[in-house]
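In: Here is my input, please return the structure:
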Amino acid sequence: MSDYRYRGISQSRLDPAVQGGADYADKSGFYLGVWGSSIKWIKDAGGDSNMEVDIYGGYKFTVGDIGYDLGFLRYEYSGNKLTPSANTNELYGAVTMGPLTAKYSQSTGNLFGFANSKGSTYLDLTATFDLGGGYSLAPHLGRQTVKGADNGKYSYTDYALTLGKDLGNGLTASAAVIGTDAEKGSYVYGTKQLGKAGVVVGLKYAF
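Out: Residues are numbered from 1 along each chain as shown. Below is the predicted model:
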């Protein structure tokens with residue numbers, strides 16, 4: 001990826017990132033997965049980790065034409081040395097109707113190192129449209145709320161519009177316009193506004 005954006009905020013200081021993951025899905029609906037990415041924000045914040053590893057699991061099922069997804073996600077930044085720790089646990093639930101998915105996530109403890117932020121939430125609305133010819137278009141809107149008396153300026157809304165192209169043989173290319181309305185000074189590194197609008201391109205291989 002040309003930049004690792006998570007919920008609209010760059011995790012790689014607006015620089016490229018390398019990512020990969022593996023998933024197992026059982027026919028019963030239960031699934032497990034692990035995913036990782038190079039990052040820079042932990043060291044930029046004074047910590048000592050250059051890798052994010054996500055471990056997750058859950059259960060998917062359908063009732064009529066509606067799909068449901070309930071699960072748990074652990075964000076692990078091994079040896080991050082931040083206080084509070086950047087390691088984060090979230091519970092999530094999602095509902096899919098046709099091309100539209102609504103997902104709600106809530107932290108069970110502090111969120112990404114923010115003190116007293118237990119119960120922080122993220123609401124995600126995403127649609128995926130098949131344009132034909134291997135192309136897809138995915139608009140997205142999300143709202144991150146960071147709990148805690150001193151954390152209000154870190155809450156924000158993010159948006160994205162992603163164009164994907166199936167290149168065949170497991171390869172998919174993507175280009176996305178991503179941005180946020182994050183308050184200036186809330187997510188920064190030097191003079192870089194990590195939530196500013198930008199274009200992110202990527203190439204993915206699935207097998």
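
In: OK, contacts around residue 58?
Out: 30-31, 69-72, 92 (Cβ atoms under 8 Å, 6 or more residues apart in numbering). Heads up, the C-betas are built off the backbone N, CA and C, glycines and all.

In: go on, residue 146?
Out: Under the criterion of Cβ under 8 Å, 6+ apart, the neighbours of residue 146 are 111, 114, 117, 120, 152, 154-155.

In: so residue 143 sits right up against residue 123, yeah?
Out: Yes: using Cβ atoms under 8 Å, residue 143 is in contact with residue 123, at 4.8 Å.

In: Residue 21 and residue 53 touch, don't they?
Out: No: judged on Cβ under 8 Å, residue 21 makes no contact with residue 53 at a distance of 9.4 Å.

In: Mutual contacts of those two, please.
Out: 34-36.

In: From the residues you listed, list the buried ones, please.
Out: Burial by neighbour count, judged by 16 or more other Cβ atoms under 10 Å, picks out 34, 36 from those.

In: which one of the shared contacts of residue 21 and residue 53 is nearest residue 129?
Out: Using Cβ to Cβ, residue 35 comes nearest to residue 129 of the shared contacts of residue 21 and residue 53, at 24.5 Å.

In: what's the pLDDT at that closest one?
Out: On pLDDT, residue 35 comes in at 98.

In: gap between it and residue 66?
Out: In this view, residue 35 and residue 66 are 26 Å apart by Cβ to Cβ, to the nearest Å.
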